[in-house]
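> Requesting a structural model of the entry that follows:
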Amino acid sequence: MAGINLQHYTPTGAMNTAEAAANIDPTPLIDDDERSPDELEALPQKASPADDTADTAHAPHPPTWRHPIGSTRTFFAELSGFFSWKFLSWLAIDQCCVSGGVFALVMALGLPLFKELGIGASRQQLYMSMIMSPWAMKPFIGVASDLFPIGGFNKKYFALYSILIGLLGCSILLGIYHSGAAESAIQQGENAVGRLSDFIVICFTFVSYEAATLDILGEGKYAELMRLHPESGSSIISYKFGWSLLGSIVTQCYVGPLSDAGYFHVLFWIALALSLTPLYPTLVGWIPEKKRTADESGMVKLCRGFLFDRGAFQEKKVPFIVITLCGLSAPLLAAVTTYADLVIGLVVSAVLIIAFTVATYYIFPKTFFWVFLSIVVTSMSWISIGSALGYYYTASEECVPDGPNFDYTYYITVTGVVGSVVNFLAVILYQNFLSSWRFRPALIFTIVIGSLASIVDLIIIMRWNIAIGIPDKVFFLLGNAVFENLVVILQSIPMSAIYAKIAPPGMESAVFAYTVGIANFCGMVSSLIGSGVIQWSGMKTVGENCDFESLPYLIVIFQILVPMIVGIPAVFLIPNVLQTEHLIDWESERWYEDRPGELEVSEHGNEDEAFAEDSRLEPHLL
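Numbers count the residues shown, from 1 in each chain. Predicted structure coming up:
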């Protein structure tokens, strides 16, 4: 199914009850009285509970079924006590109009647009991996935003430049489809179609870069604030997903019908408008951050408007280099695999994953490493064959006689809207029922449900639903559209919480980006493996007399068995703590103090003072 990216590439973000939050020490990493007035002004103020409840700060109460309007209003009011209304507004615009808007549009268009050009499922999946590569670039983007303030800001101008790149991609796509270049390429033959497809992929990648950059900058900011306010739980993640799903619902309502009608130019006009929406809020500074200057300790002026935080880089030189290499390897790998040789790309990707895993073992604390290894293994366990399924479900009668033969209005819009509504309800479901679970049972539950959901695909392909008198559209809608979309959210929420909670102080953006980027990178590799599996299975997915005979076997092996056999054991590498608790106690780990050149604790052993005295530890909080 076409859909939005929810943190990482595969079906895989968390609320807290007041009772659980009450057991957590809500003291921020750096107390407000240790900060300067300028530092405090740049941060959202803490919630101000009444005097008689000051000692029992809790996460925002989630919306409830009985009082949806009033409880939602209370949820937003309490959430704004931890995160400023401007940042919440910026995050809502980004998630609704970019991640859930233009990016969801691009991902949904991947099936009808490339299929119309005659691109097979295996090649189309390679293209989609290339388009997704900016999401695996998050480590590089995170490091760059931390180390190179532009115009004095760590995030503002990186966000603005990404918006301009997204606008460029949409503008070029609009020009291609308004000029009739697509129709001309189809008439000229396979070589012309190949060149046009490659060009379209680059433009789609520009749009994906805008979405990925804005996403990681927002994630880095709320990761910082979550460390300041651990009692907020993961409510901000559910808030983010809620807006993404709302945007996705609206997007899917029009992508299917317009794709069936062939109005791709209209879709690119809409994409252009959506790409533009976060420009003004970003320009006027709705991302909370203090302007930095060359007078700060460790700061170096490179040229007019560009600074380099040499002090922060020297303190964490090796982690920053590894994180940067991780981010840059993703687009290079995607390009090699897509435009050169798939096998070479897969071999290189295996070497890179092993190298990053070994580097993580030697650089970070062991607790961080085991969580990191769990993320790598679970991400790799979902071998994607989504392109083959999409081509099967939307195949024509000539391609798959007596098959489902879904049109795009049904496959993208009807099932997409139903799935997005299910996702929206899943956020509330997670808030009210699963948020009090520990991480391990929550993740194991979602892996099992996600694997079993693929049985719906198997039943339809084997035509067993027809044998018992259930039409394809009814069975697919009540099965696949509900369960698979439910699993996306149920697994994304706790995984996103894990990404945020293992980020160390002073490197929130970079390390958050590293873990998310590795997850996306591994997901991209699993998609490349899936593309190879589709190709090597001998499936024919376009034209007449298509051959999907091997598809049921691929579903059983790669969608049902592998995730449970590989993914469930990997979950046990994650500490079995409540979702309101810290996964890593960075102060007790003494990661900073144990390494040469790192920040030293004061002679009186007051770690809080040591953190407070060097502003470089949390430059993007200032």
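> Can you give me the buried ones in the lengthiest helix in the chain?
As assigned by DSSP state H, the longest helix anywhere in the chain is helix 190-228. Using 16 or more other Cβ atoms under 10 Å as the burial criterion, the residues of helix 190-228 that qualify are 193, 196-197, 200-201, 203-228. (Glycine included, C-beta is placed from N, CA and C.)
> as a whole number, average confidence for that helix?
Predicted confidence along helix 190-228 averages 87 (mean pLDDT).
> and it, how far out from the chain's middle?
10 Å (Cα atoms, centre = their mean, to the nearest Å).
> Now the next helix or strand after that helix: buried residues?
For helix 190-228, the following helix or strand on the C-terminal side (DSSP states H and E) is helix 235-261. By 16+ other Cβ under 10 Å, the buried positions in helix 235-261 come out as 235-256, 258-260.
> so what secondary structure elements neighbour helix 235-261?
Contacts defined by 3 or more Cβ pairs under 8 Å, 6 or more residues apart in numbering; DSSP states H and E place helix 235-261 against helix 68-79, helix 85-93, helix 104-116, helix 190-228, helix 264-276, helix 408, helix 415-429, helix 480-501.
> Now do stretch 455-473: distance from first to last residue.
With Cα to Cα, to the nearest Å as the measure, stretch 455-473 spans 16 Å from end to end.
> Could I get the buried residue list for that stretch?
For stretch 455-473, the neighbour count (16+ other Cβ under 10 Å) marks 455-461, 465, 470, 472 as buried.
> Take those and lay them out in CSV including secondary structure and pLDDT.
Formatted as CSV, the buried residues of stretch 455-473 follow (DSSP: H, G, I helix; E, B strand; the rest coil; pLDDT from 0 to 100):
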residue, secondary structure, pLDDT
455, helix, 88
456, helix, 86
457, helix, 89
458, helix, 91
459, helix, 92
460, helix, 91
461, helix, 92
465, helix, 91
470, coil, 91
472, helix, 91
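> Tell me the one of the residues you listed nearest residue 315?
residue 457 (49.6 Å; Cβ to Cβ).
> Do I have it right that that closest one meets residue 558?
No. Applying Cβ atoms under 8 Å, one finds residue 457 not in contact with residue 558, separated by 11.5 Å.
> Is residue 453 in contact with residue 483, as I believe?
Yes. Counting by Cβ under 8 Å, residue 453 does reach residue 483; the two are 3.8 Å apart.
> So which bits of stretch 140-148 are buried?
Buried-residue list, stretch 140-148, by 16+ other Cβ under 10 Å: 140-148.
> So which of the residues you listed is the closest to residue 438?
For the buried residues of stretch 140-148, the nearest to residue 438 is residue 142 (28.1 Å; Cβ to Cβ).
> If I take the helix or strand harbouring the closest one and helix 190-228, what angle do their directions form?
Assessed by DSSP H and E, residue 142 sits inside helix 138-147. Computed with axes from the mean of the first three to the mean of the last three Cα atoms, to 10 degrees, the direction of helix 138-147 lies at 50 degrees from that of helix 190-228.
> mean confidence for helix 138-147?
82.
> Downstream of that helix, the next helix or strand is which one?
Next helix or strand after helix 138-147 toward the C-terminus (DSSP H and E): helix 156-178.
> Helix or strand next in line after that next one, which one?
Next along from helix 156-178, by DSSP H and E: helix 181-188.
> Just the buried positions in that next one, please.
By 16+ other Cβ under 10 Å, the buried positions in helix 181-188 come out as 182, 185.
> what about it, distance to the chain center?
Once both centres are worked out by Cα atoms, centre = their mean, helix 181-188 turns out to sit 35 Å from its chain's centre.
> just checking, what packs against it?
Packed against helix 181-188 by the contact rule (3+ Cβ pairs under 8 Å, 6+ apart) you find helix 190-228.
> run the last query once more with 10 Å
Other helices and strands packing on helix 181-188, by 3 or more Cβ pairs under 10 Å, 6 or more residues apart in numbering; DSSP states H and E, are helix 104-116, helix 156-178, helix 190-228.
> which stretches of the stretch 401-550 of the chain have low pLDDT?
480-481, 484-485, 506-510, 513 (pLDDT under 70).
> repeat that for 50
The stretch 401-550 of the chain contains no residues with pLDDT under 50.
> quick one: which helix or strand includes residue 360?
Using DSSP H and E, residue 360 sits in helix 342-363.
> Give the buried residues for that helix.
Neighbour counts using 16+ other Cβ under 10 Å place 342, 345-346, 348-349, 352-353, 356, 359-360, 363 of helix 342-363 among the buried residues.
> Over to stretch 538-551?
So, applying 16+ other Cβ under 10 Å, buried residues of stretch 538-551: 539, 541-542, 546, 548, 551.
> In these, find the pair that's most separated.
It's 542 and 551 that sit farthest apart of the buried residues of stretch 538-551, by Cβ to Cβ, at 14.6 Å.
> Spit out the contact partners of residue 282.
Residues near residue 282 by Cβ atoms under 10 Å, 6 or more residues apart in numbering: 90, 93-94, 155-160, 162-163, 214, 217.
> any residues in contact with both of residue 457 and residue 558?
Joint contacts of residue 457 and residue 558 (Cβ under 10 Å, 6+ apart) are residue 385.
> what's the burial count for residue 440?
18 (other Cβ atoms under 10 Å).
> Also the one 3 residues further on?
The local packing of residue 443 (other Cβ under 10 Å) involves 25 other residues.
> Quick check: closest non-adjacent residue to it.
Nearest non-adjacent residue to residue 443, counting by Cβ to Cβ, 6 or more residues apart in numbering: residue 571, 4.7 Å away.
> I'd guessed the one you found sits against residue 374; true?
Yes. Counting by Cβ atoms under 10 Å, residue 571 sits close enough to residue 374 to count as a contact (6.4 Å).
> Between those two, which is the more surrounded one?
The neighbour comparison of residue 571 against residue 374 (other Cβ under 10 Å) goes to residue 374, with 23 against 19.
> Confirm that the more buried one sits in a helix.
Yes. Counting by DSSP: H, G, I helix; E, B strand; the rest coil, residue 374 is located in a helix.
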